[in-house]
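Visitor: Next comes the sequence, and after it the predicted model I'd like to discuss.
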Amino acid sequence: MCSININNSADETLRCLSLKDREMIVKRLSHFAEEASLENRGALDISPPTRFTGDLKPVKKIRIGRHRVYYTGSHTQCTYNAVHIKKFKKSGVDDEDDKRFQKALIKAMQGPNIVNSIGQISM
């Protein structure tokens with residue numbers, strides 16, 4: 001059983017979502033992290049690779065509902081860190097190839113450290 005943490009950027013976005021969406025994201029991320037262990041990969045380890053390079057190479061994303069969660073970590077570390085949530089993904093808005101979006105994602109990754117474990121987020 002691995003853990004997942006969240007930073008300020010992702011936490012702020014979560015708090016802007018409806019209670020239903022927030023619960024869905026927290027529940028799914030917690031479940032995905034719990035199914036992984038040091039010996040076994042989980043859903044967060046087998047997500048499709050992103051098109052990122054350089055500083056963003058370790059970032060992975062997973063789709064939960066209409067939202068995209070960007071995170072780092074792996075089962076070998078037994079911890080994952082949600083660094084950004086893109087709410088209500090729309091085509092042509094904040095695409096992965098957009099340099100502005102990439103800079104914002106780097107800033108989110110370099111922001112304040114993890115604020116709490118995702119299981120402890122208040123609904």
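Guide: The structure has been received and is ready for your questions.
Visitor: Give the pairing partners of the helix or strand encompassing I4; include direction for each.
Guide: I4 belongs to strand 3-6 when assigned by DSSP states H and E. Its sheet considered, strand 3-6 pairs with strand 79-86 (parallel), strand 116-117 (antiparallel) by DSSP bridges.
Visitor: Return the per-residue confidence for V83.
Guide: We have a pLDDT of 91 for V83.
Visitor: ok, it to N40 distance?
Guide: 24 Å (CB to CB, to the nearest Å). Glycine gets a C-beta too; all of them are placed from N, C-alpha and C.
Visitor: And P48, by the same measure?
Guide: Taking CB to CB, one finds P48 at 19 Å from N40.
Visitor: Tell me where the model's unsure across the chain.
Guide: Low-confidence segments of the chain (pLDDT under 70): 49, 89-94, 111-123.
Visitor: Apply 50 and report the result again.
Guide: Across the chain, the ranges flagged by pLDDT under 50 are 119-123.
Visitor: What values do phi and psi take at the residue with the largest distance to the centre of it?
Guide: In the chain, the residue that sits farthest from the middle, by CA atoms, centre = their mean, is E39; the gap is 21.7 Å. Per-residue torsions, E39: phi -90, psi -30 (degrees, to the nearest 10).
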